[in-house]
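**Q** no sequence for this one, just the structure:
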């Protein structure tokens, strides 16, 4: 594509320019995205693995999630995870060469007692491993984040999911502004933020571009890109899949809007050929590996082989 160099040099796409990229030839768009990724971030690749901290019992009505209050799908209920089980899984991840580890909790937010329990676990993880510690714990406030940061939390995960316009169509029990406030709380506490979205939930291309622009405005540098896996019993159970070409275009457009972010292959990757390997030539340079929360994940060894095939170097 013409003018790839300007993105490498920090040019910020307008909304109209970003939407126009969707009409570019796919091969040219992917090659441009790949060139931007190499120029801004080299061949580094960031791997993380996630583990359930608590499952089910969710009060929120997110239409895409089998754990939500409006879902009639089956969920294995799980209370707060045992500390020894977390330590065992975290150490296994580290021995496999994965540098990031996150506990993920269902629900609106961690309770104060759960914050204290996670803090105890993370202090021990910091003593016994060299892992970078992340957390998905809902709409946390400044006091709760201070406790977790002191315990070793480095990065908070809080997906915006989609555009501000479309968000009320998929969730009504919390707002876009509450999510943004949580992100700003983390940032003001000195905690990095991981935030992205989910595609094929009924959104338009405009919604995807607006999501990317919101993430750019917030300065997010770790961006998980999920694809809906329709789950029985959820409001989106009968959603038809997006063509793989549309996913590749979207990844490439995100790379043009977010040239210095780690774009993370996340949930739903099993719907793509080769568990989404082609996205690594469209600007993707990070992934969640191992077992996902509600769908099949990719085995760590398979991901490591894929990453090496594309001559990436895994970040420590």
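**A** Yep, that arrived. Nothing here was measured: the structure is a model prediction, and the numbers come from that model.

**Q** for this structure, which segments count as strands?
**A** Under the criterion DSSP state E, the chain contains strands at 44-54, 100-105, 132-136, 153-157, 192-194, 197-199, 222-227, 262-265, 286-289, 313-314.

**Q** who does the shortest one touch, helix- and strand-wise?
**A** Identification of packing neighbours for strand 313-314 by 3 or more C-beta pairs under 8 Å, 6 or more residues apart in numbering; DSSP states H and E yields strand 44-54. Placement of C-beta: from N, CA and C, glycine included.

**Q** can you pull the buried residues of the strand it packs on?
**A** 45, 46, 47, 48, 49, 50, 51, 52, 53, 54 (16 or more other C-beta atoms under 10 Å).

**Q** hmm, residue 99 and the fifth one touching each other?
**A** Spelled out, that is residue 49. No: using C-beta atoms under 8 Å, residue 49 is not in contact with residue 99; the gap is 9.5 Å.

**Q** picking that back up, mind putting the strands of the chain in a markdown table, mean pLDDT included?
**A** Output for those, formatted as a markdown table (pLDDT from 0 to 100):
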| stretch | mean pLDDT |
| --- | --- |
| strand 44-54 | 92 |
| strand 100-105 | 95 |
| strand 132-136 | 98 |
| strand 153-157 | 98 |
| strand 192-194 | 98 |
| strand 197-199 | 98 |
| strand 222-227 | 98 |
| strand 262-265 | 98 |
| strand 286-289 | 93 |
| strand 313-314 | 92 |
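
**Q** just those: most buried one?
**A** strand 286-289 (a mean of 28; mean count of other C-beta atoms under 10 Å).

**Q** starting at the chain centroid, how far to that one?
**A** 9 Å (C-alpha atoms, centre = their mean, to the nearest Å).

**Q** returning to what we had before: and which of the buried residues of strand 44-54 is nearest to residue 150?
**A** residue 53 (18.5 Å; C-beta to C-beta).

**Q** which one, of the strands of the chain, ends up nearest to residue 255?
**A** strand 262-265 (6.2 Å).

**Q** and that closest one, which strands flank it?
**A** strand 222-227 (parallel), strand 286-289 (parallel) (DSSP bridges).

**Q** contact partners of the longest one?
**A** It refers to strand 222-227. 46, 155, 157, 159, 192-200, 215, 242, 247, 250-251, 254, 258, 261-269, 271-272, 284, 286, 288 (C-beta atoms under 8 Å, 6 or more residues apart in numbering).

**Q** any idea how far the closest residue to residue 128 other than its chain neighbours is from residue 123?
**A** Of all residues not flanking residue 128 in the chain, residue 87 sits nearest, at 6.7 Å (C-beta to C-beta, 6 or more residues apart in numbering). Applying C-beta to C-beta, to the nearest Å, the value for residue 87 to residue 123 is 12 Å.
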